[in-house]
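In: with the input below, show me the fold.
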Amino acid sequence: MFTLTLVVKHYTDEGSLEHIDIEQTLSGGISGTNEERTLDWEERSQNSDVFGAVIGQSKRARVGEVDDEFLKSGWTEDAVEDGLILAWTAEQTWGFEVLNDERRYARHQDGPIFKHLYYDYIGPS
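Out: Modelled structure (predicted):
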């Protein structure tokens, strides 16, 4: 069994575009696919170690803009207020949920398999 660690860098560039860069590492120092998301809904090619060649899109979206009930439910109040991150063609939303009384970074993934992915949230570095 491995532990997956995500280091998330969230910033706005000099052109006022919002970015989320995610560095993924498995326990033992095994590198995973890094994600570099620009939240402008432009298509960008990426090579994923898991999914292969993909074309992704990402943007910040209000819950009301998300059609799928699974993708828009369960988020914390601040995630709803700030807007979720809508990404991919196999749609995902990202934000925060409370699981077992703990605030957790989470993703909902729509597609052939409906999944909730939960991560420990340590806070900003």
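In: I'd like to know the beta-bridge partner residues of residue 94.
Out: residue 85, residue 107 (DSSP bridges).
In: and for the chain, the residue most distant from the center?
Out: For the chain, the residue at maximal distance from the C-alpha centroid (Cα atoms, centre = their mean) is residue 28, at 23.3 Å.
In: now do the SS call for that residue.
Out: On the three-state scheme (DSSP: H, G, I helix; E, B strand; the rest coil), residue 28 is labelled coil.
In: tally of neighbours for the closest residue to it other than its chain neighbours?
Out: Once flanking residues are discounted, residue 28 sits nearest to residue 2: 7.3 Å by Cβ to Cβ, 6 or more residues apart in numbering. Any C-beta I mention is one placed from the backbone N, CA and C, and that applies to glycine too. Neighbours of residue 2 under the rule other Cβ atoms under 10 Å: 10.
In: any idea how many residues pack against the nearest residue to residue 44 once chain neighbours are set aside?
Out: With Cβ to Cβ, 6+ apart as the criterion, residue 44 has its nearest non-adjacent residue at 5.8 Å, and that residue is residue 56. Residue 56 is flanked by 20 other residues according to other Cβ under 10 Å.
In: need the per-residue pLDDT for residue 56.
Out: If you check residue 56, the pLDDT there is 85.
In: surely it touches residue 39?
Out: No. Assessed by Cβ atoms under 8 Å, residue 56 is found out of contact with residue 39, at 11.4 Å.
In: if we can go back for a sec, wait, is the residue nearest to residue 28 part of a strand?
Out: No. Going by three-state DSSP, the assignment for residue 2 is coil, not a strand.
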